[in-house]
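>>> Pasted the sequence and its predicted model underneath.
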Amino acid sequence: MKRIPIFILLLLMIAALAVAAGCSDNGGEKAVESTERQITEEQSEEGDGKKFTVEGEEGVATIEVEEEDLTQETLGVPIYPGAALVPGSGLSSKTASGEKENTFIGAEFVTGDSMQKVLDWYTEVLGEVTEGAPEENIWLFQDQEGFLHLVKLEIEGDGVKITIFKMGGNVDIEF
């Protein structure tokens with residue numbers, strides 16, 4: 001049961017990043033101030049990532065986000081054979097505050113195979129689903145290194161979208 005609140009926290013962090021990403025007008029450095037915190041955004045030199053610095057009453061936190069092509073090794077979960085990475089969906093981020101650090105890695109893949117075929121393959125690889133329904137199936141688990149994983153299958157058009165997330169570190173980072 002502890003895994004569900006952590007997953008909700010993960011989704012909230014992603015939503016906060018999306019809101020913060022929308023604050024920039026040209027990809028350069030920009031600061032957004034409120035009475036409680038200041039957020040500074042910088043574009044990476046390579047142009048494929050951003051760094052956000054959040055300064056507030058609790059201290060300073062940095063969030064580095066990069067777009068990348070992720071593999072089974074970086075995701076920590078097998079990718080369905082023949083599944084294609086959804087362009088622009090590969091994302092890794094690192095949040096740091098003081099000595100605390102949190103890592104998030106995620107990507108989406110698509111395949112033209114049926115839900116049943118993909119479900120059978122992942123059930124063989126990962127075991128029984130954590131939550132299942134005809135149009136959506138989810139596995140939530142923690143690996144030996146303490147990383148939390150989410151694998152989600154959902155029907156999309158004539159195929160299946162596979163979403164894979166990996167998260168680890170300190171989930172109590174404040175900013």
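That came through, no problem.

>>> could you pull out the strands for the chain?
For the chain, applying DSSP state E gives strands covering 30-33, 37-43, 49-56, 59-67, 84-85, 91-97, 100-111, 131-133, 136-142, 148-156, 159-169.

>>> JSON lines please, covering those strands and showing mean neighbour count.
The way it works is simple: take the backbone N, C-alpha and C, and place the C-beta from them, glycine included. JSON lines is the format used below for the strands of the chain (neighbours: other CB atoms under 10 Å):
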{"stretch": "strand 30-33", "mean neighbour count": "13"}
{"stretch": "strand 37-43", "mean neighbour count": "17"}
{"stretch": "strand 49-56", "mean neighbour count": "18"}
{"stretch": "strand 59-67", "mean neighbour count": "17"}
{"stretch": "strand 84-85", "mean neighbour count": "15"}
{"stretch": "strand 91-97", "mean neighbour count": "19"}
{"stretch": "strand 100-111", "mean neighbour count": "19"}
{"stretch": "strand 131-133", "mean neighbour count": "11"}
{"stretch": "strand 136-142", "mean neighbour count": "17"}
{"stretch": "strand 148-156", "mean neighbour count": "19"}
{"stretch": "strand 159-169", "mean neighbour count": "21"}
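
>>> Leaving aside the residues adjacent along the chain, what's closest to the residue positioned nearest the centre of the chain?
Nearest to the mean C-alpha position of the chain, by CA atoms, centre = their mean, lies Gly106 at 4.0 Å. The shortest distance from Gly106 to any non-neighbouring residue, by CB to CB, 6 or more residues apart in numbering, is to Phe165 (4.2 Å).

>>> now do Gly169
Leaving aside its chain neighbours, Gly169 sits nearest to Asn102 (3.8 Å; criterion: CB to CB, 6+ apart).

>>> do the same with Arg37
Arg37 sits nearest to Gly56 (CB to CB, 6+ apart), 3.4 Å away.

>>> which residues does the one you found form a beta bridge with?
Counting by DSSP bridges, Gly56 is bridged to Arg37, Gly59.

>>> residue contacts, Ala133?
Listed by CB atoms under 8 Å, 6 or more residues apart in numbering, Ala133 has no contact partners.

>>> From Thr40, how far out is it?
Distance of Ala133 to Thr40, given as CB to CB, to the nearest Å: 42 Å.

>>> Could you do Tyr122 as well?
Counting by CB to CB, the gap from Tyr122 to Thr40 is 41 Å.

>>> How about Leu153?
38 Å.

>>> Could you do Glu66 as well?
17 Å.

>>> And Gly56, by the same measure?
Gly56 is 12 Å from Thr40, by CB to CB.

>>> now Val125
From Val125 to Thr40 the distance is 42 Å (CB to CB).

>>> ditto for Gly112
In terms of CB to CB, Gly112 sits 43 Å off from Thr40.
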